[in-house]
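**Student:** below are the sequence and a predicted model for it; my questions follow.
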Amino acid sequence: MVNLPLLSADGDVKWILHSLEAAPDDGRDRSAMALALDAAEARLRSILQTVPDAMIIIDDCGRIESLSTTAERLFGYPTAELAGRNVSQLMPSPDREQHDVYLRRYLATGERRIIGIGRIVVGQRKDGTTFPMHLTVGELRSAERHYFTGFIRDLTDQQLTETRLKELQSEVTHMSRYTALGEMASTLAHEINQPLTAISNYLRGSQRLLDRIEGESTPMLRDALGKAADQALRAGHIIRRLREFVARGESERRIENLTRLIEDASTLALVGAREAGISVSFQFDPNADLVLADRIQIQQVLVNLIRNAMEVMIETPNDRRLEIATAAGASDLVEVSVADTGSGLAPEVASQLFQPFVTTKRKGMGLGLSICRTIVEAHGGKIWVEDRPGGGTVFRFTLRGAQIEEAEHGR
């Protein structure tokens, strides 16, 4: 039985099982089988050298059998160095530690969670840097062996398929506009309510002065001033209700996978990172994987922090590194950090950076970080900024962690 890979017209790799049965004493049949095996190996080598996406073949123990030329370039390993090693070497934590568990569970139960279903994951190169990628896994069963083939597309430049990218952009942009509007309404309500209160007080004072004056038009003026005062108070009540609505701002919080949430936000935010010479690394704590959050709102926070970090580092001549990490904190909190190697922040700016209309950008409105603070605090967390050791800035925020039992109960 020989496994023959075939490259279809649409670029997909398909496998067929070709049966070669030779008579025990027929040398010609044995020769035909050897030729068929040689042809199959040559065809596989050709595919591995020319397939445009990275392609990796592993066995049912997770050991790498072969990889394409594109995969060698993408991960920075020659085939000889990876052959026979576990494919988890190409993954960052926590996927690295969990991969064999996933594989054994599938072989035992047959439950598919990724096979045949493309999804966004993070890969790790030989130099330790990580990158977003789209992974599709296929499987091949023969009488004796079981193989899995992974097709990998680097999303560092082509962050997502066009549909997914537009979908994420639409969701985050919509929420950003909505939250910005709410933040502005809250600030304006606070500012406008004070002069309205003063107007009402002046009008009431004018009414009292009119009480000391007698004349034909006095009752009419008194009535007009009373109506004006009533309208000023009415406007104040409307604005107070608006502030309460914005402050209440209920969101749809669910138990979310923080690693996947960050990966999705990063695919949107990191557009142009490679062209700008920015290297990106991820460090995910497996003990900080589940959080209670509104997915779109927290993605908005992440996109804002990541884009800000990139803009700061573009002005830095050398050493442009972006580090995104998670860590389990105290009191069931999970901490997310976004660190850059930019020029840092002056102390007087850092102390008021999360206030509305405070910005370090020439054309910024100063609402982005204020919105981030509003979102994080509404989730029961806090956000702050500190200097990064060695230069640069680290933005950190916390979210409420969730337990696996809660996630299972939520289902």
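**Tutor:** Yes, it's here. Numbering: from 1, shown residues only.

**Student:** in the stretch 101-250 of the chain, what residue spans correspond to helices?
**Tutor:** 162-210, 218-248 (DSSP state H, counting those that start in this stretch).

**Student:** so what are the domain limits for this structure?
**Tutor:** 2-154, 162-248, 254-410 (automatic domain parsing).

**Student:** and the ones you listed, which one is worst for confidence?
**Tutor:** For these, the weakest mean pLDDT is recorded on domain 162-248, namely a mean of 68.

**Student:** mind checking the longest strand of this protein?
**Tutor:** The strand spanning the most residues in the chain, taking DSSP state E as the definition, is strand 130-141.

**Student:** where does His99 land in three-state SS?
**Tutor:** helix (DSSP: H, G, I helix; E, B strand; the rest coil).

**Student:** which ones are touching the closest residue to it other than its chain neighbours?
**Tutor:** The shortest distance from His99 to any non-neighbouring residue, by Cβ to Cβ, 6 or more residues apart in numbering, is to Ser88 (4.2 Å). Backbone N, C-alpha and C define where each C-beta goes, glycine included. Taking Cβ atoms under 8 Å, 6 or more residues apart in numbering, we find Ser88 in contact with 62, 95-97, 99-100.

**Student:** now, of those residues, which are buried?
**Tutor:** With burial judged by 16 or more other Cβ atoms under 10 Å, the buried subset of the contacts of Ser88 is 62, 95-96, 99.

**Student:** and of these, the nearest to Arg373?
**Tutor:** Asp95 (31.5 Å; Cβ to Cβ).

**Student:** show me the contacts for that closest one.
**Tutor:** 88, 121-122.

**Student:** now the two most distant members of the buried ones among the contacts of Ser88.
**Tutor:** Gly62 and Asp95 (12.1 Å).

**Student:** as CSV, the contacts of Ser88 with distance to Ala273 would be great.
**Tutor:** What follows is those, written out as CSV (distance: Cβ to Cβ, whole Å):
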residue, distance to Ala273
Gly62, 30
Asp95, 21
Arg96, 23
Glu97, 27
His99, 26
Asp100, 31
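
**Student:** now, which of the residues you listed sits nearest Ala293?
**Tutor:** Asp95 (20.7 Å).

**Student:** counting neighbours, what do you get for Tyr77?
**Tutor:** Using other Cβ atoms under 10 Å, the number of residues around Tyr77 comes to 19.

**Student:** wait, it sits on Lys126?
**Tutor:** Yes - if you go by Cβ atoms under 8 Å, Tyr77 and Lys126 touch, sitting 5.3 Å apart.

**Student:** what bridges to Ile115?
**Tutor:** Val137 (DSSP bridges).

**Student:** measure it to Arg63 for me?
**Tutor:** 17 Å (Cβ to Cβ, to the nearest Å).

**Student:** then Leu203?
**Tutor:** Where Arg63 is concerned, Leu203 sits at a distance of 84 Å (Cβ to Cβ).

**Student:** what about these two, which has more around it?
**Tutor:** Leu203 (19 against 14).

**Student:** which residues does the more buried one contact?
**Tutor:** 225-226, 228-229, 232.

**Student:** which one of those residues sits closest to Leu345?
**Tutor:** Nearest member of the contacts of Leu203 to Leu345, counting by Cβ to Cβ, is Ala232, at 41.7 Å.

**Student:** so the closest one sits right up against Pro195, yeah?
**Tutor:** No - counting by Cβ under 8 Å, Ala232 does not reach Pro195; the two are 9.3 Å apart.

**Student:** quick one, which of those two is more surrounded?
**Tutor:** The residue with more neighbours, out of Ala232 and Pro195, is Ala232; 20 against 11, by other Cβ under 10 Å.

**Student:** any idea how far Thr197 is from that one?
**Tutor:** 8 Å.

**Student:** and Arg63, by the same measure?
**Tutor:** 74 Å.

**Student:** what's the neighbour count on Asp60?
**Tutor:** Around Asp60 there are 15 residues (other Cβ under 10 Å).

**Student:** quick one: residues contacting the closest residue in space to it that isn't next to it in sequence.
**Tutor:** Nearest residue to Asp60 in three dimensions, chain neighbours excluded: His146, at 4.1 Å (Cβ to Cβ, 6+ apart). By Cβ under 8 Å, 6+ apart, the residues touching His146 are 59-60, 107, 139-140.

**Student:** for ChimeraX, what selects the buried ones among these?
**Tutor:** Only the buried entries of the contacts of His146 go into this ChimeraX selection, using 16+ other Cβ under 10 Å:
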select :140
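
**Student:** now the strands for the protein?
**Tutor:** So, for the chain - with DSSP E - the strands run 2-7, 13-18, 54-59, 64-67, 119-124, 130-141, 146-154, 254-257, 279-283, 290-293, 321-328, 333-340, 383-387, 393-400.

**Student:** which other helices and strands contact the last one?
**Tutor:** For strand 393-400, the elements it packs on are strand 290-293, helix 295-314, strand 333-340, helix 368-378, strand 383-387, judged by 3 or more Cβ pairs under 8 Å, 6 or more residues apart in numbering; DSSP states H and E.

**Student:** rewinding a little: how near is the residue nearest to His99 to Asp100?
**Tutor:** From Ser88 to Asp100 the distance is 7 Å (Cβ to Cβ).

**Student:** can you check Glu311 too?
**Tutor:** Counting by Cβ to Cβ - Glu311 and Asp100 are separated by 40 Å.

**Student:** how about Leu345?
**Tutor:** 43 Å.

**Student:** still on that earlier bit, what would the strands of the chain look like in CSV with distance to Ile371?
**Tutor:** As requested, the strands of the chain are exported to CSV (distance: least, Cβ to Cβ, whole Å):
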stretch, distance to Ile371
strand 2-7, 49
strand 13-18, 46
strand 54-59, 38
strand 64-67, 44
strand 119-124, 25
strand 130-141, 25
strand 146-154, 32
strand 254-257, 19
strand 279-283, 23
strand 290-293, 15
strand 321-328, 19
strand 333-340, 15
strand 383-387, 11
strand 393-400, 12
